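>>> Sequence plus predicted model, see below.
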Amino acid sequence: MNWKLPNQLTVARIALAVLFFVLLGLYQADQPRPGLLIAAFVVFVIAGVTDFLDGYLARKMKLVSAFGRIADPFVDKVLVVGAFAMLAGSNFMCPRSAGTGGLESTLPYWLTGGMLSIVQSWMVVAVLAREFVVSAIRGYSESCGRKFPATYPGKIKMIVQLVAIGTVLVQMAVVRDATWAVCLKIGMIWLAVIVTILSGLAYVNKARKLLVSEIT
């Protein structure tokens, strides 16, 4: 492996992802500790910055490597899918004690899933399934000798997912009781899931055209 700065940043992001998951795992909705979520948000932002830097530096310094091409998108997927999975954990469920659930506990179950984070288990499945499908399509395309680069829907999906995760952390840590913040959190999570599904369908449509061209 070419152990240069871009690859060092990629490896550092793996360590940041682990720390991020640990902080989320320590949080308990019935005994909220905002400091954990603030720390998790800071780590999440730093991980996002390293994601930008490693790609930028690799291109600028002409240090693009096989390790970077494989590890960089892999770590991105681990960070995002892992964040959704952690936020769907039982420690982020609305407290059952009367009067402690906040606005989220009074909203329809289909909207929140009984979660303070708004992230429901089916959403995690949707995000994970999308990544599996896209990885399979990309692998097949490249096995046929055709490049399958990231598309604009995929890039938009990533940005929306990152903003949605950050919104959840900030809202629960800083403005937990603000109605507008709760509404923003709900909107961002649902938007992230919808964009994720739509971007996956865009890749499937692209793969369908590839398959048709291979058959003909």
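All right, it came through fine. Numbering: from 1, shown residues only.
>>> When you work out contacts or count neighbours from here on, use the C-alpha atoms and nothing else.
Fine.
>>> Name the residue closest to the centre of this structure, please.
With distances taken as Cα atoms, centre = their mean, Val80 lies nearest the centre of the chain, 2.3 Å away.
>>> Now do the phi/psi pair for that residue.
Main-chain torsions, Val80, degrees, to the nearest 10: phi -70, psi -50.
>>> cool, and Met115?
The phi/psi pair for Met115 (degrees, to the nearest 10) is phi -110, psi 130.
>>> so what pLDDT did it get?
Met115 is assigned 95 on the pLDDT scale.
>>> Can you tell me how far the residue lying closest to it once chain neighbours are set aside is from Lys62?
In space, and not counting its chain neighbours, Met115 is closest to Met93: 4.3 Å by Cα to Cα, 6 or more residues apart in numbering. From Met93 across to Lys62, the span is 46 Å (Cα to Cα, to the nearest Å).
>>> Isn't the residue nearest to Met115 up against Val119?
No - assessed by Cα atoms under 8 Å, Met93 is found out of contact with Val119, at 9.5 Å.
>>> Neighbour count for these two, which is higher?
Shown here are Met93 and Val119; by other Cα atoms under 10 Å, Val119 has more neighbours (28 against 24).
>>> Shouldn't that one be within a helix?
No - applying DSSP: H, G, I helix; E, B strand; the rest coil, one finds Val119 to be coil, outside a helix.
>>> List the backbone torsions phi and psi for it.
The phi/psi pair for Val119 (degrees, to the nearest 10) reads phi -80, psi 120.
>>> Check what pLDDT it gets.
98.
>>> per-residue confidence at Pro73?
Taking Pro73 on its own, its pLDDT is 79.
>>> tell me, how many neighbours does it end up with?
Counted with other Cα under 10 Å, residues neighbouring Pro73 total 13.
>>> What strand or helix carries it?
helix 66-87 (DSSP states H and E).
>>> List the buried residues for that helix?
Within helix 66-87, the residues scored as buried using 16 or more other Cα atoms under 10 Å are 68, 71-72, 75-77, 79-87.
>>> ok, now stretch 143-160?
The neighbour-count criterion (16+ other Cα under 10 Å) identifies Phe148, Pro153, Gly154, Lys157, Met158, Val160 as the buried residues of stretch 143-160.
>>> Turn the residues you listed into CSV, columns for secondary structure.
Below are the buried residues of stretch 143-160 laid out as CSV (three-state DSSP):
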residue, secondary structure
Phe148, coil
Pro153, helix
Gly154, helix
Lys157, helix
Met158, helix
Val160, helix
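>>> Flag the least confident of these.
pLDDT across the buried residues of stretch 143-160 is lowest for Phe148, at 64.
>>> Output the below-cut-off pLDDT ranges for this protein.
For the chain, applying pLDDT under 70 flags the ranges 1-3, 56, 58, 63-69, 97-101, 142, 147-150, 210-216.
>>> Count the neighbours of Lys60 for me.
Lys60: 10 neighbours (other Cα under 10 Å).
>>> same deal with Gly102?
17.
>>> check contacts around it.
Cys94, Asp177 (Cα atoms under 8 Å, 6 or more residues apart in numbering).
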